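Chemist: Provide a 3D model corresponding to the input given below.
(2 chains)
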Number of protein chains: 2
Amino acid sequence: MHDEPEVAVLRLGHRPGRDGRMTSHVGLTARALGADRVILGDNATGSAETIRDITDRFGGPFDVEVTSELKRVLRDWEGAVAHLTMYGLPVQDVQAEIRESHREEPLLVVVGAEKVSFDVYERADWNVGVTNQPHSEVAGLAVFLDRLFDGRELDREWEDAESVVVPQATGKKVESPE
Amino acid sequence: MHDEPEVAVLRLGHRPGRDGRMTSHVGLTARALGADRVILGDNATGSAETIRDITDRFGGPFDVEVTSELKRVLRDWEGAVAHLTMYGLPVQDVQAEIRESHREEPLLVVVGAEKVSFDVYERADWNVGVTNQPHSEVAGLAVFLDRLFDGRELDREWEDAESVVVPQATGKKVESPE
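Modeler: Predicted structure coming up:
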């Protein structure tokens, strides 16, 4: 978010076809919950388009990057790396340390699809489990970001939105600013 | 969770094929993050099997119910109803009230897929937005449950697990209790 070191989300292991919606949801969750950027493999161009389209309509800033060099981004990242995995340390035990680190330097959050190779576990500064149960990389990312930003992300303002949802107790209200 | 009024998650609008993985992830997220039960339409039997299989392997209690009468479950629910929607009131504004209600009575959390009919908005005691941005019903459910249970769900103990993941700073460790 503004005035803070960058938080980028790196999506590993995307399988075209099978993972299209999951990868789109990873990117949309990254955007909605306070990350600055999502980095996708160049086999996930459909998801990239979906996320860019939502950003055009509902505002930013939020960047979508597509690369053939995901592993290089991870290797060369200048900052800290948190890898979300059900095998990692409980998020509630490491979140304070990660927040502390994020005050000083950029954070790369790595979200895998199926199998993640062991070098990712070794590269990460933290392997983080949002529970040690199998569930969803989208759910894990959402809880992780909400805890990283301590809820501040829910009050984020959006720039250049064509459509703005106005919260309602019942029903739907969408405005189009001039 | 134990010793508390039930929290059930109702999945509406499942489209076979297209929504299979999303519905599985809704159910697995419900299980991992403290809900007691997920209720799916009878066109989502594949997702039901996936969630039951994970519960068999990683423990419970957690119930998976399949019904041809989703709308009847919603109509006849004896307790409070929270419907997650990007058009709703900010979760940070209503979570205290929902927690308070859940101390007294069961809570049904309604998670839609694509379009949700207006009667659901009217039936709900709260229409709740985890941000007013489009992202993912899985992400919304995850943040909602983490906030409803205030993180207590992360310390939940599991019964009758065949496999138990032991948190590791690096790598994977899975044990099989006797």
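
Chemist: Quick check: the residue most central in space within chain A vs chain B, distance?
Modeler: Nearest to the geometric centre of chain A sits A:Ala30, at 3.1 Å (CA atoms, centre = their mean). Between A:Ala30 and chain B the distance, using CB to the nearest CB, to the nearest Å, works out to 9 Å. Where C-beta positions appear, they are placed from N, C-alpha and C, glycine not excepted.

Chemist: Next secondary structure after the host helix or strand of that residue?
Modeler: A:Ala30 belongs to helix A:20-32 when elements are defined using DSSP states H and E. Using DSSP H and E, the helix or strand that follows helix A:20-32 in sequence is strand A:37-41.

Chemist: Please identify the helix or strand for A:Glu49.
Modeler: Here A:Glu49 sits within helix A:45-58, counting by DSSP H and E.

Chemist: Going along the chain, name the helices of chain A.
Modeler: Assigned by DSSP state H, the helices in chain A fall at A:20-32, A:45-58, A:70-76, A:91-104, A:118-123, A:137-148.

Chemist: and those as TSV, adding mean pLDDT?
Modeler: Shown next, in TSV, are the helices of chain A (pLDDT from 0 to 100):
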stretch	mean pLDDT
helix A:20-32	97
helix A:45-58	98
helix A:70-76	97
helix A:91-104	98
helix A:118-123	96
helix A:137-148	98
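
Chemist: so which of the ones you listed comes closest to B:Pro167?
Modeler: When those are compared by CB to CB, helix A:91-104 sits nearest B:Pro167, at 8.2 Å.

Chemist: ok, and for the closest one, which residues are buried?
Modeler: Under the neighbour-count criterion of 16 or more other CB atoms under 10 Å in any protein chain shown, helix A:91-104 has A:Val91, A:Gln92, A:Val94, A:Gln95, A:Ile98, A:Ser101, A:His102 buried.

Chemist: pretty sure the second one is touching B:Leu154, no?
Modeler: To tie it back to what came earlier, the one meant is A:Gln92. Yes: using CB atoms under 8 Å, A:Gln92 is in contact with B:Leu154, at 5.2 Å.

Chemist: State the mean pLDDT of the lengthiest strand in chain A.
Modeler: Longest strand of chain A, by residue count under DSSP state E: strand A:80-90. Averaged over strand A:80-90, pLDDT sits at 98.

Chemist: ok, the residue nearest to A:Arg21 when sequence neighbours are not counted - contacts?
Modeler: Spatial nearest neighbour of A:Arg21, excluding adjacent residues (CB to CB, 6 or more residues apart in numbering or on different chains): B:Met22 at 6.4 Å. Each residue near B:Met22 by CB atoms under 8 Å, 6 or more residues apart in numbering or on different chains is listed here: A:Arg21, A:His25, B:Ala113, B:Glu137, B:Val138.

Chemist: Farthest-apart pair in those, please.
Modeler: Longest span within the contacts of B:Met22, CB to CB: A:His25 and B:Ala113, 12.2 Å.

Chemist: More neighbours: those two, which one.
Modeler: Each of A:His25 and B:Ala113 has its neighbours counted (other CB atoms under 10 Å in any protein chain shown); A:His25 has more, 28 against 16.

Chemist: Please look at that one and B:Pro134 and confirm they touch.
Modeler: No: the criterion here is CB under 8 Å, and A:His25 misses it with B:Pro134 at 10.1 Å.

Chemist: what comes up buried for stretch A:59-74?
Modeler: A:Gly59, A:Gly60, A:Phe62, A:Asp63, A:Val64, A:Val66, A:Leu70, A:Lys71, A:Val73, A:Leu74.

Chemist: ok, those vs B:Ala35, which is closest?
Modeler: For those, the nearest to B:Ala35 is A:Phe62 (30.2 Å; CB to CB).
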